[in-house]
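Asks: show me the folded form of this:
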Amino acid sequence: MIKVVCKVKLKPGVKIEEYLIMAREVISETRKEKGCITYTLNEDSHDPTILTMLEEWVDEEALNEHNKSEHVIKIVPELKKLRESTEINIYREVE
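Replies: Have a look, this model is predicted:
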């Protein structure tokens, strides 16, 4: 199993709802993908401009396919324009 933590900080002045509209479309489409176990967007409890996507995938192949999907290619570049920073960490469970 692969886990991904993608933490973003929105640029000053960005309306959170503008970001969420696009992010919700990615979430909706991603949850339909083969190999997606969990895909949720979470808001920092102290700073609503910090958002973290928590993802679980059956394997690295499923994650790679996700990254090539139409909705990711179309929407994620638009989301990036609204971000001040992005940190992505990919994890494998230790047994």
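
Asks: how near is the residue nearest the centre of the chain to residue 95?
Replies: Compute the mean C-alpha point of the chain, and by Cα atoms, centre = their mean the closest residue is residue 53, 4.2 Å away. Plainly put, residue 53 is 25 Å away from residue 95 if you go by Cβ to Cβ, to the nearest Å. (Each C-beta comes from the backbone N, C-alpha and C, glycine too.)

Asks: quick check: closest non-adjacent residue to the residue nearest to the centre of the chain.
Replies: Closest residue to residue 53 apart from its sequence neighbours, by Cβ to Cβ, 6 or more residues apart in numbering: residue 6 at 4.2 Å.

Asks: and what of residue 34?
Replies: residue 62 (6.6 Å).

Asks: what residues are up against the residue nearest to residue 59 when sequence neighbours are not counted?
Replies: Counting by Cβ to Cβ, 6+ apart, residue 59 lies nearest to residue 2, which is 6.3 Å off, once chain neighbours are set aside. Applying Cβ atoms under 8 Å, 6 or more residues apart in numbering to residue 2 gives the contacts 56, 57, 58, 59, 60, 62, 63, 90, 91, 92.

Asks: circling back to that earlier point, packing partners of the helix or strand hosting the residue nearest to the centre of the chain?
Replies: For residue 53, the host element (DSSP states H and E) is strand 50-57. Secondary-structure packing of strand 50-57 (3 or more Cβ pairs under 8 Å, 6 or more residues apart in numbering; DSSP states H and E): strand 2-10, helix 16-30, strand 36-43, helix 60-67.
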